[in-house]
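Chemist: 3D, please:
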Amino acid sequence: MNKLSQILPDSVDFKTAILAAEDILKASCPQIGPEVIHHFSPGIYAREMRIPKGTILTGKIHKTEHLCILNGDIEIASQDGKGRFTGYLTFLSKPGVKRIGYAHEDTVFTTIHAIEGTDIPTLEEALAVDTFEQYEQFLLESTKHELLS
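Modeler: Down below sits the predicted model:
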């Protein structure tokens, strides 16, 4: 079953489709976040999400490139395409990507970031934004900072 194709039609721009799907999910479904476990070692932060079977979820837009490890059975769509991933998989996530997923089975999804610190709100602010507009503003500010350095 291709659950995400029912939510994200191919005929619509991905950014428009995922934002519309997110709005519908927020308005019509109970908002129960997955269990999140935080892991730390010097210079590394890993955020492990335990996603129950049957969960539909969207992610934030990450500002940085990072590693992802997934174990389970989940269908994922992003600007880069869509697919169903089963078993164990490690992949590189590029900055600026927003994903939507449907867990066909219980799934563990871990992101691994090269960053110092252990304060979760500070890390979340440094690593991700909620909207494409915020991401574009982040890129503008980063470019301006680089030009002035």
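Chemist: Could you pick out the longest helix of this structure?
Modeler: What stands out as the longest helix in the chain, according to DSSP state H, is helix 132-148.
Chemist: Give me the contact list for that helix.
Modeler: 15, 19, 61, 63, 96, 98, 129 (CB atoms under 8 Å, 6 or more residues apart in numbering). (Glycine included, C-beta is placed from N, CA and C.)
Chemist: Tell me where the model's unsure across the chain.
Modeler: Low-confidence segments of the chain (pLDDT under 70): 1-12.
Chemist: Go again with 50.
Modeler: 1 (pLDDT under 50).
Chemist: Please enumerate the helices of it.
Modeler: 3-7, 14-28, 120-127, 132-148.
Chemist: With Leu123 as the reference, measure out to the residue most central in space within the chain.
Modeler: Residue closest to the average C-alpha location in the chain (CA atoms, centre = their mean): Gly59, at 3.3 Å. Noted for Gly59: a distance of 15 Å to Leu123, by CB to CB, to the nearest Å.
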